[in-house]
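*Asks:* sequence below, structure please.
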Amino acid sequence: MSIALLNTTQTSNPAASHLTPVPTQTEARGFALYVGIDEATAKAAGVTLAELVQALRKTVSDLVPAAAQETYAAVALAPVGVGGKNIDVVRTALHDPRSLNRLVEANQEQEAARGIVIDIARHRVFTDGENAELTYKEFELLNYLILNEGETISRRELVDAVWADDADEAPNERTIDVHVRRLRAKITGYEDIIRTVRGGGYRFDRHPDVLVEA
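*Replies:* Residues are numbered from 1 along each chain as shown. Down below sits the predicted model:
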């Protein structure tokens, strides 16, 4: 048995709401109301999802008492942190294939944003889509290691390369570690892309989470 849902589209004029005609040889047996509200949004408005559900059920019961025993409500649950819009999560829970596709696409975009993006042109570094707010020297330090991928760069070479035009402000070989530590702190979760080579210096190896954009 195939069951179709009647589609309604709300417009700025309630009287002009668009109703998709019911296919012939069928009859309307109910309707589904998609409500894209999460717990945080409801709480901010001073209510809970349970209270909203009860209020909607009461409205139906008041308007059509006979429908009180045939009104069903369920909360759509999703894993914490999943992407997509609330409304698409709800519609997916109701097996709306169009919303399932949108939800999959949203999660793919979210996954694509994970990792580190080195924007050479703008001298910026993004971690999981967020600007890491690196200073100019921190960017140059990371970029120099990436440009010399696979090679162990001594502390002396890093100082000479990154502070070549600013010798008066250049750190010494012992304090270069402080700059590396500050840099790592700004890329939390991906600190291991800068490897410490005991007695040698630092090295960047090819890493799947790093994308360099020229």
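
*Asks:* do a quick rundown of the helices in the chain.
*Replies:* Assigned by DSSP state H, the helices in the chain fall at 39-44, 49-63, 86-93, 97-112, 136-147, 155-162, 176-186.

*Asks:* for this protein, give me the ranges with low pLDDT.
*Replies:* 1-23, 29, 34, 74-79, 81-84, 86-113 (pLDDT under 70).

*Asks:* how about the residue nearest to residue 153 when sequence neighbours are not counted, what does it touch?
*Replies:* Once flanking residues are discounted, residue 153 sits nearest to residue 201: 5.0 Å by C-beta to C-beta, 6 or more residues apart in numbering. The way it works is simple: take the backbone N, C-alpha and C, and place the C-beta from them, glycine included. Counting by C-beta atoms under 8 Å, 6 or more residues apart in numbering, residue 201 makes contact with 152-155, 157-158.

*Asks:* ok, now with 7 Å
*Replies:* By C-beta atoms under 7 Å, 6 or more residues apart in numbering, the contact set of residue 201 is 152-155, 158.

*Asks:* can you list the domains in the protein?
*Replies:* 8-112, 116-213 (automatic domain parsing).

*Asks:* most neighbours per residue, which of those domains?
*Replies:* domain 116-213 (a mean of 15; mean count of other C-beta atoms under 10 Å).

*Asks:* run the chain-centre distance for it.
*Replies:* 26 Å (C-alpha atoms, centre = their mean, to the nearest Å).

*Asks:* could you work out the end-to-end span of it for me?
*Replies:* End-to-end span of domain 116-213 (C-alpha to C-alpha, to the nearest Å): 11 Å.

*Asks:* state the distance from residue 148 to residue 199.
*Replies:* Using C-beta to C-beta, to the nearest Å, residue 148 is found at 18 Å from residue 199.

*Asks:* who are the contact partners of the residue nearest to residue 52 when sequence neighbours are not counted?
*Replies:* In space, residue 52 comes closest to residue 42 once its chain neighbours are excluded; the distance is 6.3 Å by C-beta to C-beta, 6+ apart. By C-beta under 7 Å, 6+ apart, residue 42 lies in contact with 48-49, 52.
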